[in-house]
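Novice: task: produce atomic coordinates for the following.
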Amino acid sequence: MTPDQLTATFAALADPTRRAILERLAQSEASVGELAEPFGISMPAISKHLKVLEKADLISRHKDAQWRRCKLHAEPLRAASDWITQYQQFWEDQFDALASYLNQQKKDA
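Specialist: From the prediction side, this is the model:
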């Protein structure tokens with residue numbers, strides 16, 4: 001994943017409405033109307049959210065008869081998770097070092 005793709009993924013995930021849309025799409029494909037239903041916001045607002053998700057390659061949209069259906073693309077989420085995991089190991093090492101230091105301080109006291 002390029003840095004620009006990673007930036008687009010994190011930008012898309014920054015909004016709670018977009019995260020909720022992704023959670024819904026993780027269950028199954030949905031129409032734009034079905035995605036808009038729980039939010040109580042206008043269709044143009046949902047459309048803007050979907051465009052951000054589509055630009056980040058987190059979803060795709062296709063026409064099914066008269067309906068526009070959306071589908072989740074999880075690969076960018078995996079790439080973002082992999083990026084975060086690199087730092088998870090760093091923090092685990094830091095916490096282990098702190099625990100060792102505190103245990104040593106306890107023994108010396």
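
Novice: nearest residue to the most centrally placed residue in the chain other than its sequence neighbours?
Specialist: Taking CA atoms, centre = their mean, the centroid of the chain lies closest to Leu13, which sits 4.3 Å from it. In this structure, Leu13 finds its nearest non-sequential neighbour in Arg19, 6.0 Å apart by CB to CB, 6 or more residues apart in numbering. The way it works is simple: take the backbone N, C-alpha and C, and place the C-beta from them, glycine included.

Novice: what about the one you found, which helix or strand?
Specialist: For Arg19, the host element (DSSP states H and E) is helix 16-27.

Novice: what packs against that helix?
Specialist: Contact analysis of helix 16-27 by 3 or more CB pairs under 8 Å, 6 or more residues apart in numbering; DSSP states H and E lists helix 3-13, helix 32-36, helix 43-55, strand 59-64, strand 67-72 as its packing neighbours.

Novice: and Thr85, which of the ones you listed is closest to it?
Specialist: helix 3-13 (13.2 Å; CB to CB).

Novice: buried set for that closest one?
Specialist: By neighbour count on 16 or more other CB atoms under 10 Å, the buried set for helix 3-13 is 6, 8-9, 12-13.

Novice: same check, this time on stretch 52-66
Specialist: Neighbour-count burial for stretch 52-66 [16+ other CB under 10 Å]: 52-53, 56-59, 61.

Novice: among these, which one sits closest to Leu72?
Specialist: Leu72 has its nearest neighbour among the buried residues of stretch 52-66 in Ile59, at 6.0 Å by CB to CB.

Novice: many thanks, I have nothing further to ask.
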